[in-house]
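[1] build me a structure from this.
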Amino acid sequence: MTTAHLPGTRLTLAGGISAVVVGLAHLAVTASPHWAGWLAGELRDRTASDASFAAFWANPGGLGLPLVTAGILLIRLARRGEAAPVLAGIVLTIWAAICVVLIGPASGFTIGLAVGLLVLLGGLRGRLAPRPVRAGSQ
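    Modelled structure (predicted):
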């Protein structure tokens, strides 16, 4: 079955790919020397150092993997010919913007802001596009 691609699917695809790349880069960059202690139970028994707890929340407990997951879903939507939901773009954009304000523009959240805007613009283009009229529907 072929689906006509709505406007905004290219932006949705670009946003999805960007989200996957940013998520994977985050996981790679924040790879931690604390894994041995985490696997030994220092997080569960609360013996981990403050640095170890912070590294956990930056790596496996952070947003890298959920961002990859969201990116995969966006890519799938785009390949099916659908634009992203506008609300997804709004949430990503607001989240990244708040983080940029809090931590500064020299952070990776500036890239996250670009991802959010791609998703938002793709969703808006898809929503504002004229819908094809199906035969038999009036």
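
[2] next SSE after the helix-or-strand element of the chain with minimal mean pLDDT?
    Least confident helix or strand, the chain: helix 50-58 with a mean of 88, by mean pLDDT, DSSP states H and E. Next helix or strand after helix 50-58 toward the C-terminus (DSSP states H and E): helix 64-79.

[3] by contact count, what packs against that next one?
    Contacts defined by 3 or more Cβ pairs under 8 Å, 6 or more residues apart in numbering; DSSP states H and E place helix 64-79 against helix 9-29, helix 86-103. For every residue, glycine as well, the C-beta is placed using N, CA and C.

[4] may I see the buried residues of the first one?
    Right, helix 9-29. 9, 11-20, 22-23, 26-27 (16 or more other Cβ atoms under 10 Å).

[5] could you list every residue that touches the nearest residue to G126 once chain neighbours are set aside?
    In this structure, G126 finds its nearest non-sequential neighbour in A83, 2.3 Å apart by Cβ to Cβ, 6 or more residues apart in numbering. Contact analysis of A83 by Cβ atoms under 8 Å, 6 or more residues apart in numbering lists 6-9, 11-12, 77, 122-123, 125-127, 129.

[6] please apply the same query to A58.
    30, 32.

[7] please redo it, this time with the cut-off set to 7 Å
    Contact partners of A58, counting by Cβ atoms under 7 Å, 6 or more residues apart in numbering, are T30.

[8] the one helix or strand L120 maps to to helix 64-79, inter-axis angle?
    Of the helices and strands defined by DSSP H and E, L120 is found in helix 109-128. Helix 109-128 and helix 64-79 are oriented at 30 degrees to each other (axes from the mean of the first three to the mean of the last three Cα atoms, to 10 degrees).

[9] and helix 109-128, C-alpha only, in CSV?
    What follows is helix 109-128, C-alpha atoms only, in CSV (Å, rounded to 0.1, in the frame of the first residue of the first chain):
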residue,chain,number,x,y,z
PHE,A,109,20.5,21.8,24.2
THR,A,110,20.9,24.3,21.4
ILE,A,111,21.0,21.3,19.0
GLY,A,112,18.0,19.9,20.8
LEU,A,113,16.2,23.2,20.2
ALA,A,114,16.9,22.7,16.4
VAL,A,115,15.5,19.2,16.7
GLY,A,116,12.4,20.5,18.4
LEU,A,117,11.9,23.2,15.8
LEU,A,118,12.2,20.7,12.9
VAL,A,119,9.6,18.5,14.5
LEU,A,120,7.3,21.4,15.2
LEU,A,121,7.6,22.9,11.7
GLY,A,122,7.1,19.5,10.2
GLY,A,123,3.9,19.0,12.3
LEU,A,124,2.6,22.5,11.4
ARG,A,125,3.2,21.9,7.7
GLY,A,126,1.4,18.6,7.8
ARG,A,127,-1.5,20.1,9.8
LEU,A,128,-1.9,23.1,7.6
